[in-house]
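# generate coordinates for the sequence data below:
(one chain, ligands or ions: 1)
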Amino acid sequence: MPQGHLSTRLRERTTRVISAPPSFASRFASISARRSPFCMGCDPSPETLESWGLEAGPAGLAQFVDIVLEAAEGAVGIVKPQVAFFEAFGPAGIAELARLITGMQASGILVIADAKRGDIGSSMEAYARAWIGEGGFGADAVTANAYLGAGTLAPLLSRAASCGAGVFTVVRSSNPEGAALQDARQGDVAVADALAGALTEQNAALAAGEPVGPAGAVIGATLGAAASGTVARLPASLFLVPGIGAQGAGFGDLEGIFGEALPRVIPTSSRAVLAAGPRIADLKAALADHVGAAMALRG
Ligand SMILES: O=c1ccn([C@@H]2O[C@H](COP(=O)(O)O)[C@@H](O)[C@H]2O)c(=O)[nH]1
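Numbering: from 1, shown residues only. Here you go, the predicted structure:
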């Protein structure tokens, strides 16, 4: 191989290594220490819009976005818009979702797009471009479903690793209907545990020497200590943990499920926070309560 070609390749490789963006795990660790690991759910359901005195249509949605942007600024480090509630308003809803994502990021807030994507590998590549990295919505992390097989997550995970994003795959969901499927046997382990093992393998391949990789897991706060065996199979994952508040779980349930993994937990709650709106001061007060409760878990 000609010398010039070799040095060009070396330079390209070095540039890639030097310019690798910080991982989602390191960005979470930083925001968690500076603000809190708590994640504010942004679910503009018709019920929430109406209870805030807003029209359950695109104009009301735009006002909702204005309010949550102002309430979140300086009060919380992570938000999770539930994409379904934006999609429900069609193109106008998608535009508001994009506005929420860029507005939150402009305030230094990490955005987890709760889109729960899952498909065959070629379509997952398109979902990866849609949600993380440049060119699409550019969220900091996205949620995924693995019902088409753990291997279909690969395009999403490799893009996440290269652009410093995270992927949270549903492993054990917070809803009561989830257990029948997630506890079904795959060989001699539960489907959820087999998926946890596959995510851990992906983290070993993609974490680039960091202790926590891009393959995170969704584990419901409602599940109790029965979920801790699954947690143990995910030693290099962050955990996105819904179910606090309206679904009946509390911050006090998290230690029994996560134990020593608590520093990797991102507790999230939507309705319990949004019920305080629409006044900004009331929302900030509800956020302060949740942020404080999540900080107390860090010890
Ligand atoms: O297992 C899961 C996975 C995702 N979710 C989502 O989290 C929020 C929970 O909202 P609350 O109002 O705090 O109950 C919502 O967007 C769900 O789609 C979940 O609840 N459970």
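# from residue 149, how far off is the residue lying closest to residue 41 once chain neighbours are set aside?
Of all residues not flanking residue 41 in the chain, residue 270 sits nearest, at 2.7 Å (Cβ to Cβ, 6 or more residues apart in numbering). Every C-beta, even on glycine, is put in place using the N, C-alpha and C of the backbone. To residue 149, residue 270 is 29 Å away according to Cβ to Cβ, to the nearest Å.
# okay, these two: which has more neighbours?
Neighbour totals were compared for residue 270 and residue 149, and residue 270 leads with 25 against 13 (other Cβ atoms under 10 Å).
# contact partners for the residue lying closest to residue 173 once chain neighbours are set aside?
Excluding the flanking residues, the one nearest residue 173 by Cβ to Cβ, 6+ apart is residue 220, at 5.5 Å. Residues near residue 220 by Cβ atoms under 8 Å, 6 or more residues apart in numbering: 172-175, 178, 227, 241-243, 247, 249.
# those residues: which ones sit near the ligand?
On the criterion Cβ under 6 Å from any ligand atom, 173-175, 242-243, 247 are the entries of the contacts of residue 220 that sit beside the ligand.
# rewinding a little: my read: the residue nearest to residue 41 touches residue 44, true?
No - between residue 270 and residue 44 there is no contact under Cβ atoms under 8 Å: 9.7 Å.
# still on that earlier bit, neighbour-wise, give me the winner out of the ones next to the ligand among the contacts of residue 220.
Busiest of these [other Cβ under 10 Å] is residue 242, holding 28 neighbours.
# and the ones next to the ligand among the contacts of residue 220, which two are the farthest apart?
Of all pairs drawn from those, the greatest distance, 10.4 Å, lies between 173 and 247 (Cβ to Cβ).
# ok, now how distant is the residue nearest to residue 173 from residue 230?
For residue 220, the distance to residue 230 - Cβ to Cβ - is 11 Å.
# who touches both of the two?
In contact with both residue 220 and residue 230: residue 172, using Cβ under 8 Å, 6+ apart.
# the residue nearest to residue 41 and residue 127: what is the separation?
Plainly put, residue 270 is 23 Å away from residue 127 if you go by Cβ to Cβ.
# dump the ones next to the ligand among the contacts of residue 220 to CSV, plus secondary structure.
CSV is the format used below for those (DSSP: H, G, I helix; E, B strand; the rest coil):
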residue, secondary structure
173, coil
174, coil
175, coil
242, coil
243, coil
247, coil
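# where in the stretch 1-150 of the chain is pLDDT low?
Counting by pLDDT under 70, the stretch 1-150 of the chain contains low-confidence ranges at 1-19.
# and it, which residues reach the ligand?
41, 43, 82, 114.
# hmm, 8 Å instead?
41, 43, 80, 82, 84-85, 114, 116, 143 (Cβ under 8 Å from any ligand atom).
# centre-most residue in this structure?
The centroid of the chain falls nearest to residue 112 when counting by Cα atoms, centre = their mean (4.0 Å).
# what is the helix or strand hosting that residue packed up against?
Element membership for residue 112, per DSSP states H and E: strand 110-117. Packed against strand 110-117 by the contact rule (3 or more Cβ pairs under 8 Å, 6 or more residues apart in numbering; DSSP states H and E) you find helix 24-34, strand 78-81, helix 83-87, helix 90-106, helix 121-131, strand 141-144, strand 166-172.
# identify each buried residue in that strand, please.
Under the neighbour-count criterion of 16 or more other Cβ atoms under 10 Å, strand 110-117 has 110-117 buried.
# same thing with stretch 185-203?
190-200, 202-203.
# restricted to strands, list those.
residue 190 (DSSP state E).
# residues of the stretch 151-299 of the chain that sit close to the ligand?
Contact residues, the stretch 151-299 of the chain versus the ligand (Cβ under 8 Å from any ligand atom): 170, 172-175, 178, 218-220, 240, 242-247, 268-274.
# now do the contacts for residue 102.
Contacts of residue 102 by Cβ under 8 Å, 6+ apart are residue 138.
# from residue 137, how far off is it?
Taken as Cβ to Cβ, the span from residue 102 to residue 137 is 9 Å.
# swap in residue 296?
33 Å.
# between those two, which one's more packed in?
Neighbours were counted for residue 296 and for residue 137 using other Cβ under 10 Å; residue 137 has more, 21 against 11.
# can you tell me the SS state at the more buried one?
Strictly by three-state DSSP, residue 137 counts as coil.
# settle this for me: it is touching residue 100, isn't it.
No - with contact defined as Cβ under 8 Å, residue 137 and residue 100 do not form a contacting pair (9.9 Å).
# may I see the buried residues of strand 110-117 arranged in CSV, with distance to residue 182 as well?
Putting the buried residues of strand 110-117 into CSV (distance: Cβ to Cβ, whole Å) gives the following:
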residue, distance to residue 182
110, 27
111, 27
112, 21
113, 22
114, 18
115, 20
116, 14
117, 18
